[in-house]
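Novice: Quick one, fold the following:
(chains A and B)
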Amino acid sequence: MFASPRILTSSELARAPFPAALDGDASNKAGAKWAVYGISSPSELAAVTAWWEQIALMPTEISFEARTLEDVFWEVSTP
Amino acid sequence: MAMPSAVSAPCLALSDVRYAVGSARAGSGVKEILSGVDLAARRGEVTVIIGPNGAGKTTTMGIAQGLVRPSAGTVRLLGEDPYRASAQLRSRVGVMLQDGGLPQSVKPRTLLTHVAKLHRSAWPLEDLTRLLDLGGFLDRSIRRLSGGQRQRTAMAAALIGQPEVVFLDEPSAGLDPQSRHLVFDLIEHLRARGVGIVLTTHLLEEAQRLADSVFILKDGAVVRHGTVAELTGDDAPAERRNLPRWNSVTSSRAARPPASWCSPRLGS
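Specialist: Reported below is the predicted structural model:
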C-alpha cells in the first residue's frame, strides 16, 4: 500500500508492474492510498519502486500487509 | 476419549456430490444446490467451510452428516455412507446444528446427562462444564438461557460422546468474545486429541487462525481449497510476471483484481 501525493493517470497505472488499485473507498486524488497486489520478494518490490521512479512519484507513505483469508474470500465471492 | 490410530487419516470424503431440489416432471423445475462438491477432512485437523450465504455450506454439512441424501456422488464418513449409517457410526460422530436443536423445557444438566448415557464412553460432565464454562446455568431451563449459553450447551451435547469427528455449524454465532475464546480453545484441544473437526463460520479471522484446511464454496461448488498459507500466499512469481496490468481507478473491494491475478497457482 502506498499513498500518492498526486492523482495517478490511467497511462501511469497501465505501466505498473503489478495490479494496482485504489484501496477501499478512496478516490483518485492527492493523498489517495493505493494497494499493489502480488508482491512477495525484494526483486518484485524493486520493480514497484522502479515504476515510481519512471512516473516521478515519491509516495508519502508505504506499508505492507499480508493477504488474509478475508481477502481471498472477497476475491472469490465478488462477481 | 478414544485416540485414533493415525492422526492424519481421512475421516470424511465427499466426491462429486450433487444435490438438486424440485422435479422436472412436476413442472416445478430443478434447482441444483450443489454441483459436484469434492471435499476431504482428516483426523486431528480443523477443516473450515466458508462461503457467502446460499453457497451450499449447510447443505454440504447436512450431506456429510447423513442428514440429507445427495442426488449423486459418494460420501464416506469414517469409511461408511453416513446416510445409511449404523447406530455404531453415529455414536462416533458429534453434530452441532446451526439452530442448536435443543429441547426448550429441560435443563442443560439433564440433557447432557441423558446424552452421556447414550454413549459407551462419555466425556465427564465436570470436564465439559469447565472447558465451556457451563457451571452458571447447568440447572436453568434451556428456554431461559441466552443465545451464547444455548450455543455452548449445544456444543457440549455434540461433544459429550467423545466423537472421533465433530461437525460444528457456526459454532461461534452469537457468542460474546469471552465465550468465543472458550469455544476456539476447545476446538484446539479437540484437534490436539486427534478429533477431526469440520466447521462452518463467517468469522474469517478465527477461521484463519484455526484452520488446517479451508474449502471456499460459491454457487454450490468448491471454488478454492487449501491451507491458509496456500490460499493467502503467492509462491508462483514466474507466472505472476505475466500478469495482465490492471489500471482501473474505481474503488471498493469489489474493484480488486481477479483472484487468479494474485494467486494464479490456486486458480487451477
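Novice: what about the helix ranked longest in chain A, near chain B?
Specialist: Using DSSP state H, we find that the single longest helix of chain A is helix A:42-54. Yes - contact of helix A:42-54 with chain B (CB under 8 Å from any CB of the partner chain) involves A:Glu44. In this view, the C-beta of every residue, glycine as well, is placed from N, C-alpha and C.
Novice: elements contacting the next helix or strand after that helix?
Specialist: Under the assignment DSSP states H and E, the closest C-terminal helix or strand after helix A:42-54 is strand A:61-62. Judged by 3 or more CB pairs under 8 Å, 6 or more residues apart in numbering or on different chains; DSSP states H and E, strand A:61-62 is in contact with strand A:2-3.
Novice: rewinding a little: in the longest helix of chain A, which residues are buried?
Specialist: By 16 or more other CB atoms under 10 Å in any protein chain shown, the buried positions in helix A:42-54 come out as A:44, A:47-48, A:51-52.
Novice: between those residues, which is nearest B:Leu190?
Specialist: Each of the buried residues of helix A:42-54 was scored against B:Leu190 by CB to CB, and A:Glu44 proved nearest at 39.9 Å.
Novice: correct me, but that closest one touches A:Tyr37?
Specialist: No - using CB atoms under 8 Å, A:Glu44 is not in contact with A:Tyr37; the gap is 10.9 Å.
Novice: Please enumerate the shared neighbours of the two.
Specialist: When CB atoms under 8 Å, 6 or more residues apart in numbering or on different chains defines a contact, the residues bordering A:Glu44 and A:Tyr37 alike are A:Phe18.
Novice: ok, back up a step: of all the buried residues of helix A:42-54, which comes closest to chain B?
Specialist: Comparing the buried residues of helix A:42-54 against chain B with CB to the nearest CB places A:Glu44 closest, at 6.7 Å.
Novice: residues from chain A in reach of chain B?
Specialist: Contacts of chain A with chain B, taken as CB under 8 Å from any CB, map to A:8, A:10, A:13-16, A:18-28, A:35, A:37-38, A:40-41, A:44, A:66-79.
Novice: Show me which of those residues are buried.
Specialist: A:8, A:13, A:16, A:18-23, A:26, A:28, A:35, A:37-38, A:40, A:44, A:67-73, A:75-77.
Novice: for chain B, which helix is longest?
Specialist: Under DSSP H, chain B gives helix B:177-192 as its longest helix.
Novice: For that one, buried residues please.
Specialist: Within helix B:177-192, judged by 16+ other CB under 10 Å, the buried ones are B:179-180, B:182-184, B:186-187, B:190-191.
Novice: Where does pLDDT dip in the chain?
Specialist: In the absence of a named chain, this looks at chain A. Within chain A, the stretches with pLDDT under 70 are A:24-25, A:78-79.
Novice: Wait, chain B was what I had in mind.
Specialist: B:1-9, B:24-28, B:98-100, B:234-268.
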